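S.K.: Fold the following.
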Amino acid sequence: MSEVVVVPTGTANLASVRAALHRAGVGSALATGPACVARARRLVLPGVGAFGAAAAQLRARGLFEPLRERIAAGQPTLAICLGLQLLAERSDESPGALGLGILDEPVERLSGSVRVPQLGWNLVTGLGEPGFAYFAHSYRVSRPPTGFQIGWTDHGGPVIAAVRRGAVLGCQFHPELSGAWGAALIARWLEGTC
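M.R.: Presented below is the predicted three-dimensional model:
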């Protein structure tokens, strides 16, 4: 299998993502420009940090439009944590900042009596075999977006854990930090079977 291209958002732990790909038996390379994003066979959009800062980095590097085009076309893309949130058009975290607009639902702060940020392991269902995944977030996609299969978890009530449409998979959790279950999910995405 050819290398997987990883997008440097300026707000991601690239080392853990690239290590997980290595453990899965594939190499990885950092996206160096728009053409690299457009022609990648498989691409990972990771993210940790703030919605607005990551969206600004993508624009500054000329990666915003190629990302939007590849994801809209259904090219194999794995969006992790903030990467999933960047698929939305907007987020309460960064009023005025625009995301990729792939999801037709906004990103909102976790609400209710739950601990924020959510840091820890939760059961994820709806992505094949249920399993426990590691979460580290304060915001989430608020409602199921149109046209996507949904993975669910519970954190004071139902929370969207993942969205999938064809070869595009967005995970609010960190599959690269989610043990054997996360490694199996990454392997299925790499094989095109998740």
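S.K.: Do you have the strands of this protein handy? List them.
M.R.: With DSSP state E as the criterion, the chain has strands at 4-6, 28-30, 43-45, 77-80, 107-109, 118-124, 131-137, 139-141, 149-154, 158-165, 168-171.
S.K.: As a check, name the ranges of all helices in the chain.
M.R.: 14-23, 34-39, 51-60, 64-72, 82-85, 179-191 (DSSP state H).
S.K.: Now do the shortest one, average pLDDT.
M.R.: Pointing back at helix 82-85 there. Confidence for helix 82-85, expressed as mean pLDDT, is 96.
S.K.: and what of the longest one?
M.R.: For helix 179-191, the per-residue pLDDT values average out at 96.
S.K.: Residues contacting that helix, please?
M.R.: Here helix 179-191 makes contact (Cβ atoms under 8 Å, 6 or more residues apart in numbering) with 1, 4, 20-21, 23-24, 26, 42, 76, 78, 124, 127-129, 131-134, 167, 169, 171, 173-176, 178, 194. Using the backbone N, CA and C atoms, a C-beta is placed for each residue, glycine as well.
S.K.: Only the buried residues of it, if you could.
M.R.: By neighbour count on 16 or more other Cβ atoms under 10 Å, the buried set for helix 179-191 is 181-182, 184-187, 189-190.
S.K.: Equivalent analysis for the third one, please.
M.R.: Neighbour-count burial for helix 51-60, with 16+ other Cβ under 10 Å as criterion, is recorded at 51-58.
S.K.: May I see the residues you listed organised as JSON lines, with pLDDT and distance to Glu108 added?
M.R.: Conversion of the buried residues of helix 51-60 to JSON lines gives the following (pLDDT from 0 to 100; distance: Cβ to Cβ, whole Å):
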{"residue": "Phe51", "pLDDT": "95", "distance to Glu108": "11"}
{"residue": "Gly52", "pLDDT": "95", "distance to Glu108": "15"}
{"residue": "Ala53", "pLDDT": "93", "distance to Glu108": "18"}
{"residue": "Ala54", "pLDDT": "93", "distance to Glu108": "17"}
{"residue": "Ala55", "pLDDT": "95", "distance to Glu108": "16"}
{"residue": "Ala56", "pLDDT": "94", "distance to Glu108": "20"}
{"residue": "Gln57", "pLDDT": "92", "distance to Glu108": "22"}
{"residue": "Leu58", "pLDDT": "94", "distance to Glu108": "21"}
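S.K.: Between those residues, which sits nearest Gly96?
M.R.: Gly52 (7.6 Å; Cβ to Cβ).
S.K.: doesn't Asp92 make contact with that closest one?
M.R.: No. Gly52 is not in contact with Asp92 according to Cβ atoms under 8 Å; the separation is 11.0 Å.
S.K.: Many thanks, I have nothing further to ask.
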